[in-house]
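Engineer: generate coordinates for the sequence data below:
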Amino acid sequence: MGEGLALDAAWLFAAFLVLLVIAAAVIAARRFLLERAGATIECGLRKGQGSWRLGVASYQLDEFCWFGVFGISMRPDETFSRRDLAVVARRPPTEEEVTILGPGRIVAECQLGAGGGPGTVDLALAESALTGLLAWLESAPPGSHLDVVL
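Structural biologist: This is a model prediction of the structure:
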């Protein structure tokens, strides 16, 4: 009886390990496919006063797309229009934020919506990625903001 129980526990443990390896492979393959599309950066995201979430962001033609690090979907978790995203301040992360985000990050405080619209979002980026974000925001095609009424 004891041998059968030990054998069942071994099979259960082996099945758990196989599922864990498959999950890790799916997450790694998703990350590879997202990065293959180009213009991706590691980016922490916090909406309002919520908690930080780690992920990868991608610059599309007119959208900033954010993907959670542990998701399996190829669709972004959050999408921000270029015309509705404005960096209003930047600051170094607090000590508590460094433990979550890792070292070498800068927190960019962003306003969502034209004219101080519906909310805020904080993005935690490397300094070079913040420079890229600012350049992307400023490089909007001519006339793309003409239909925005303040």
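
Engineer: all contacts plus neighbour counts: C-alpha atoms, from now on.
Structural biologist: Will do.

Engineer: where in this structure is pLDDT low?
Structural biologist: 1-2, 4, 6, 37-38, 114-117, 142-150 (pLDDT under 70).

Engineer: where do the strands of it begin and end?
Structural biologist: 40-47, 53-59, 63-68, 78-81, 85-91, 105-112, 119-126 (DSSP state E).

Engineer: in the fifth one, which residues are buried?
Structural biologist: Neighbour-count burial for strand 85-91 flags Leu85, Ala86, Val87 (criterion: 16 or more other CA atoms under 10 Å).

Engineer: closest one of those to Phe16?
Structural biologist: Leu85 (42.8 Å; CA to CA).

Engineer: about what we covered before: output the buried residues of strand 85-91 in CSV, with distance to Gln60 appended to each entry.
Structural biologist: Formatted as CSV, the buried residues of strand 85-91 follow (distance: CA to CA, whole Å):
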residue, distance to Gln60
Leu85, 14
Ala86, 16
Val87, 18
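
Engineer: identify the residues contacting the residue positioned nearest the centre of the chain.
Structural biologist: The residue lying closest to the centre of the chain (CA atoms, centre = their mean) is Gly55, at 3.1 Å. By CA atoms under 8 Å, 6 or more residues apart in numbering, the contact set of Gly55 is Glu42, Cys43, Gly44, Leu45, Trp66, Phe67, Gly68, Val69, Phe70.
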